[in-house]
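Peer 1: just to be clear, the model below is a prediction. Sequence and coordinates:
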Amino acid sequence: PGDAFQIQFSINGEKHVVYESYPATTTLNDYIRDVAGLKGTKVMCREAGCGCCAVAVTHASGGDKVETMSINSCITPLYSVDGWQITTTEGIGNQKDGFHPIQKQVAKHNATQCGYCTPGFVMSMYGLLHQNPKLTQQEIEDSFDGHICRCTGYRSILDAMKTFGSDATGPNAKPIDIEDLNKHLCPKTGEKCKKDTKSNCPITPPSSLSLDLRDSKWHRPLNLKELGTIFTKNKGKSIRLVFGNTSTGIFKFDGPYDIYIDLHSVEELYQYKESASSVIFGANTTLTKLKEHMKNLQYKPGFFYCTRVIRHLKVLASVLVRNAGCIAGNLMIKHNHPDFPSDLFTMMAAIGASVGVYDTSSGKITKHPILEFLQKVKMAGKVLAFLEIPKFEENEHYRSFKITPRWQNAHAYVNAAFKIQVEKLLVKTKPSFVFGGINAETVHATKAEEFIKGKTLSDAVIKETLKILASELKPSSDDPLHASAKYRHDLAVNLLYKTLLEVAKPTDPKIRSGADSMERPISSGLQTFQEKKSEFPLMQAMPKLEAPLQASGETVYANDIPAFQRELYGAFVISTVAIGAIVNIDCSEALAIPGVVKFISAADIPEGGKNNFMDVVFFPTIGAEEVFVSKNVEYAGQSIGLILAETQALAELAARKVKITYGSMQEPIIYVEDGVAKGSFFEQKFNKIMGQSEDALKNSDLTVSGQIYEGGQYYYYIENQVSVAVPTEDGIDVYSSTQMPDMTQKSSADIIGKPLNYINLIGCRVGGAFGGKALYSSVMAAAATLGSYVTKRPVRVCVSMSTNMKLIGKRFPLIARYKAGLNRDGKMNSIDLEIFADNGFRPPIMIEELLHSLDQ
């Protein structure tokens, strides 16, 4: 570890020393890609959601025990990795030194398409096998919850990874040899580790750390006393406590902070203590470690309920997040944002857990029931020290639920946890009915709890309890991003109903024993087939040539191109209203930030330039669309300008500081059905008539009619939109992730009023597109080109996922009204379809193609 003015760590065995030269918010991903130059580690969401940034880390956690695990590098603070060994996909295998078995299996199973997500999957598997080399196939399948792949449909990826399962029996099954797996290097020596990863390693213990990062300070105390001293010296300043830093994936713009305190080395926060009546977990216990402790506890009397807690923990965030995040971090998210549906808090509140709070001013730890911690304890100057869970009495039942859009890695619509003590159908004590996702205030359903206490469970009692609960729950008003208030209300009531029925009539022995009766069925695993050698190459799997290079991170995408000298980074300023006129643009605050160079807008387009990136030969009837709004905003998220700065982080910060004043604002039509009802149609209408549909309908035995709705769809490529424009001796080189290079070249030339041959368009490998990088890759290229032309410097425009989703169009929402005629034998004679497409502000371009598909 570093001294008082620096940190040091290893990446793939190479020592890196970092001084006080980067902002506190710099991430490990930023350093790996931009400083170490290892582009195999990708970046997309910066939310710990997509998994393409995964790396393996080896460090001592809670003592001297060295452990290896995979985490999201995009949210890991750079200054928190002092003394760590970082391993990227290039470090475990490459075309020069040979590919790692995981990389080989990925290639062999054709588990890549665009390949942008592949290094993340590889490094997750690498970390998983370090944590447990004898994983089953089902455990492997359950462990990729932190990854998104838009191309493959996951089956081929899981097939490749499950060949390492201890129970794999397919033709390619290959349990990994520990020598092949153990590519990580010792954090102390930088040499290949010679010890079993499960044993203790004599690494140098961490020392206290204090860094002056100009705009903030970074501290690493070794104990609670040192922590208290830091708080005392910095009274009145904004302080952020850091461990896994996973909350930044949800609440991105909290801060800024004067003081950052890294808690990784505070030894008192790692305790684990069992007593006759409870178990205590240190606040720094990661959610992965908590799950491991629960696995050991679940077989002990009074702690059988841990089986159900384990099941719920498996769908709390993802493996990568659980490896990094700790108990205190999750509970503090709930404390700071009461409307956050924390699964951990919901479970612990129902169980009756308590927390220990360390007061830095008094130096004392006090214990509080977890509900009191949420509602009454002010945490300024205080730190969570431990979580304590109780031993259950006999006949106490526990259930918990998480209802989500997806099984894994999703916030809950509603989560709930219930504890109820029942003996011969008599509810002996006041139960706990805890809900999340209802509103910021609701935790316990206190009226329902009071009513059912002391009563015998019967149909009438259950019905009345549910009636009271229904009147007690008041969900917050509808949010387009959440489930409706009615859905969440009815769902919460039904979850309690399900629990009371199970407790009153426990017919399943698994339910009576407290075992998990709700596990998903184990998938069938690998499918095998008999290869027909005589028909080669038919029926013979032939991996594509670049697959191993995708797995090792050696393939190059547009944003992997190394930075050019004097390169600037762009961030779009986009509209926050759908319809309106720009009255004023105030860039003063943004431009005052050191390192911010210029604001580019429509006013910077030279004479003869065209402010239109939709001048497309392939779609001659398409409507014009401005690169930068000149006056009238036509949709929410439309590009108004581009901030250019010395770093991407500075550009994005400055873009948020630009103030736009709007006028002539109007209420937009958002939903297809509203547009139909209001008669808001473009002039173009398309008709397709095949045969004598009216006659066939009249002669049918049966007619059916109805309406089908299909919502809009984000393209969800894992590589965000990106273009790089570089001035050359005879024009501008434009590197673009695009599906339509001809259109991209034309838009880039048009905006600066130059002929096509002024733009040398280099089409890069595309990290997913699905039609989303056909038209709108041109706005990226045109903006980068204009910025480069004006500043005479290279300009890189790589948008954040948030900007990508707001700025780039989506597949159209559709409503189809139908009337069909059928015979009684089920044969369809006629169908009359009336299709309404929400094409946004611009006339449609693809409806004719949709109608032509009806010929098929």
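Peer 2: Nice, thanks for sending it over.
Peer 1: okay, CA-based contacts and neighbour counts for the rest of this
Peer 2: Fine.
Peer 1: what comes into contact with stretch 691-698?
Peer 2: For stretch 691-698, the surrounding residues in contact (Cα atoms under 8 Å, 6 or more residues apart in numbering) are 703, 820-822, 829-832.
Peer 1: convert the C-alpha atoms of stretch 400-409 to CSV, please.
Peer 2: Output in CSV follows, covering the C-alpha atoms of stretch 400-409 (Å, rounded to 0.1, in the frame of the first residue of the first chain):
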residue,chain,number,x,y,z
SER,A,400,-40.5,-12.6,2.2
PHE,A,401,-41.3,-11.6,-1.4
LYS,A,402,-39.9,-9.5,-4.2
ILE,A,403,-42.1,-8.8,-7.2
THR,A,404,-40.1,-7.4,-10.1
PRO,A,405,-40.1,-6.8,-13.8
ARG,A,406,-37.4,-9.4,-14.1
TRP,A,407,-36.3,-12.3,-11.8
GLN,A,408,-32.9,-10.9,-11.2
ASN,A,409,-31.1,-7.5,-11.0
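Peer 1: where in the stretch 201-350 of the chain is pLDDT low?
Peer 2: Within the stretch 201-350 of the chain, the set of residues satisfying pLDDT under 70 comprises 201-205.
Peer 1: swap the cut-off to 50 and go again
Peer 2: 201-202 (pLDDT under 50).
Peer 1: any chance you could map the helices in it?
Peer 2: 224-233, 287-297, 306-313, 319-324, 327-336, 343-351 (DSSP state H, counting those that start in this stretch).
Peer 1: can you lay out those helices as TSV showing distance to L38 and mean neighbour count?
Peer 2: Below are the helices of the stretch 201-350 of the chain laid out as TSV (distance: least, Cα to Cα, whole Å; neighbours: other Cα atoms under 10 Å):
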stretch	distance to L38	mean neighbour count
helix 224-233	35	17
helix 287-297	28	18
helix 306-313	33	21
helix 319-324	20	25
helix 327-336	30	20
helix 343-351	36	25
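Peer 1: between those helices, which one is nearest to H100?
Peer 2: For the helices of the stretch 201-350 of the chain, the distance to H100 is smallest for helix 319-324, at 21.0 Å, taking Cα to Cα.
Peer 1: which other helices and strands contact that closest one?
Peer 2: With contacts defined as 3 or more Cα pairs under 8 Å, 6 or more residues apart in numbering; DSSP states H and E, helix 319-324 has these neighbours: strand 66-72, helix 287-297.
Peer 1: could you identify which of the contacts of stretch 691-698 has the most neighbours?
Peer 2: The most crowded member of the contacts of stretch 691-698, judged by other Cα atoms under 10 Å, is G821 (24 neighbours).
Peer 1: run a quick neighbour tally on I585.
Peer 2: That count, for I585 with other Cα under 10 Å as the rule, works out to 14.
Peer 1: mind giving me the packing neighbours of the helix or strand harbouring it?
Peer 2: Applying DSSP states H and E as the criterion places I585 in strand 580-586. Using 3+ Cα pairs under 8 Å, 6+ apart, the elements in contact with strand 580-586 are strand 632-633, strand 659-663.
Peer 1: CA atoms of the last one as CSV?
Peer 2: Only the C-alpha atoms of strand 659-663 are listed here, as CSV (Å, rounded to 0.1, in the frame of the first residue of the first chain):
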residue,chain,number,x,y,z
LYS,A,659,-29.3,26.6,-18.2
ILE,A,660,-32.0,26.7,-20.9
THR,A,661,-34.9,29.1,-20.9
TYR,A,662,-37.9,28.0,-22.9
GLY,A,663,-41.0,29.8,-24.2
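Peer 1: Y569 - that's part of a helix, no?
Peer 2: No: remark: Y569 does not belong to a helix; assigned using DSSP: H, G, I helix; E, B strand; the rest coil, it is strand.
Peer 1: which residues touch it?
Peer 2: Contacts of Y569 (Cα under 8 Å, 6+ apart): 643-648, 651, 795-798.
Peer 1: with distance to S477 added, can I get the helices and strands packed on helix 319-324 in a markdown table?
Peer 2: Converted to a markdown table, those look like this (distance: least, Cα to Cα, whole Å):
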| stretch | distance to S477 |
| --- | --- |
| strand 66-72 | 34 |
| helix 287-297 | 32 |
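Peer 1: ok, which of those comes nearest L481?
Peer 2: With Cα to Cα, the closest approach to L481 among the helices and strands packed on helix 319-324 belongs to strand 66-72: 24.8 Å.
Peer 1: the helix or strand following the closest one packs against which elements?
Peer 2: Reading on from strand 66-72 to the C-terminus, the next helix or strand found by DSSP H and E is strand 85-87. In terms of contacts (3+ Cα pairs under 8 Å, 6+ apart), strand 85-87 is packed against strand 6-11, strand 54-60.
Peer 1: okay, now the sheet partners of strand 85-87, with direction.
Peer 2: With DSSP bridges as the test, strand 85-87 is paired with strand 6-11 (parallel), strand 54-60 (antiparallel).
Peer 1: give me the helix or strand of this structure that scores worst on average pLDDT.
Peer 2: Between all helices and strands in the chain, the lowest mean by mean pLDDT, DSSP states H and E belongs to helix 509-513, at a mean of 39.
Peer 1: quick revisit: with respect to G768, which of the helices and strands packed on helix 319-324 lies nearest?
Peer 2: Using Cα to Cα, the nearest of the helices and strands packed on helix 319-324 to G768 is strand 66-72, at 20.6 Å.
Peer 1: can I get that closest one in CSV, CA atoms only?
Peer 2: C-alpha atoms of strand 66-72 as CSV (Å, rounded to 0.1, in the frame of the first residue of the first chain):
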residue,chain,number,x,y,z
VAL,A,66,-6.9,-12.7,0.8
GLU,A,67,-9.9,-13.3,-1.5
THR,A,68,-10.5,-12.9,-5.2
MET,A,69,-13.9,-11.8,-6.6
SER,A,70,-15.4,-10.0,-9.5
ILE,A,71,-16.8,-6.4,-9.2
ASN,A,72,-18.0,-3.6,-11.4
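Peer 1: that strand packs against which elements?
Peer 2: strand 54-60, helix 118-131, helix 319-324.
Peer 1: how about the ones you listed, which one is nearest M294?
Peer 2: Comparing these by Cα to Cα, helix 319-324 comes nearest, at 14.2 Å.
Peer 1: got the contact list for that closest one?
Peer 2: Residues contacting helix 319-324 (Cα under 8 Å, 6+ apart): 48, 51, 54, 69-72, 124, 143-146, 243-246, 286-289, 316.
Peer 1: still on that earlier bit, widest-spaced pair of the contacts of stretch 691-698?
Peer 2: Maximum pairwise distance among these (Cα to Cα): 12.2 Å, between L822 and D832.
Peer 1: can you list the weak-confidence ranges in the stretch 1-150 of the chain?
Peer 2: 1-3.
Peer 1: please repeat the previous calculation with a cut-off of 70.
Peer 2: Applying pLDDT under 70 to the stretch 1-150 of the chain flags the ranges 1-4, 63-64.
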